[in-house]
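>>> Sequence first, predicted coordinates after that:
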Amino acid sequence: MEGFADFMRLLGPPVPALPTASTQHGAAVFTAVGCGLCHTPVLATGPAIADGDEDTPSIALSNQPARLFSDLLVHHMGAALVDGITQGSAGPDEFRTAPLWGVGQRVFFLHDGRTSNLIHAIRLHASPGSEATLVALTFFSLSVQDQQDLIYFLRSL
């Protein structure tokens, strides 16, 4: 089991698709709408000092950018995403921001895999009590082309 844990811990991030005009525009829309407020494009790994101990991360992994598109924080996501499960101090409508890296390689979305449609997943972000309501409603106020380019961008991750 430790070998598998090491493998997963050191597995490289998903490789995004090459950018196109649509995905680059979608990235700009992603930022302008406010998706990146919680789905933070880049975080940095912490400092690590390799001292020969097997539990100490490699210095090569120290202070490296991680393009995971998450702030790794727990947010209230509202009535539409409530699952009735309480984990620690997080209530049934609170979830850690799911990393979006690799989302283009997934079939099911949201914390429980309830949809295979990214538009529907975004729609479920807009519900009473959700911290993402304004961002989701802003997405739906965009032109069809802007919405599509944002989806193309997500699919490229």
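Happy to help now that I have it.

>>> Test my guess that residue 83 contacts residue 92.
Yes - in this structure residue 83 lies within contact range of residue 92 using CB atoms under 8 Å: 5.9 Å. Glycine gets a C-beta too; all of them are placed from N, C-alpha and C.

>>> Pass me the low-pLDDT residue ranges in the chain, would you?
Flagging of the chain using pLDDT under 70 yields the residue ranges 9, 49-57.

>>> quick one, strands of it?
For the chain, strands defined by DSSP state E occupy the ranges 43-44, 65-66, 74-76, 94-96.

>>> hey, which of these is tucked in deepest?
Between the strands of the chain, the one whose residues have the most neighbours on average, counting mean count of other CB atoms under 10 Å, is strand 94-96 (a mean of 18).

>>> ok now that strand, how far from the chain's centre?
Averaging C-alpha coordinates over strand 94-96 and over its chain gives two centres that are 12 Å apart (CA atoms, centre = their mean, to the nearest Å).

>>> ok so, going back, okay, the strands of the chain in CSV with distance to residue 13 next?
CSV is the format used below for the strands of the chain (distance: least, CB to CB, whole Å):
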stretch, distance to residue 13
strand 43-44, 12
strand 65-66, 7
strand 74-76, 22
strand 94-96, 18
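
>>> Which of the ones you listed sits closest to residue 6?
strand 65-66 (18.0 Å; CB to CB).

>>> elements contacting that closest one?
Judged by 3 or more CB pairs under 8 Å, 6 or more residues apart in numbering; DSSP states H and E, strand 65-66 is in contact with strand 43-44.

>>> still on that earlier bit, out of the strands of the chain, which comes closest to residue 11?
With respect to residue 11, and counting by CB to CB, the nearest of those is strand 65-66 at 12.4 Å.
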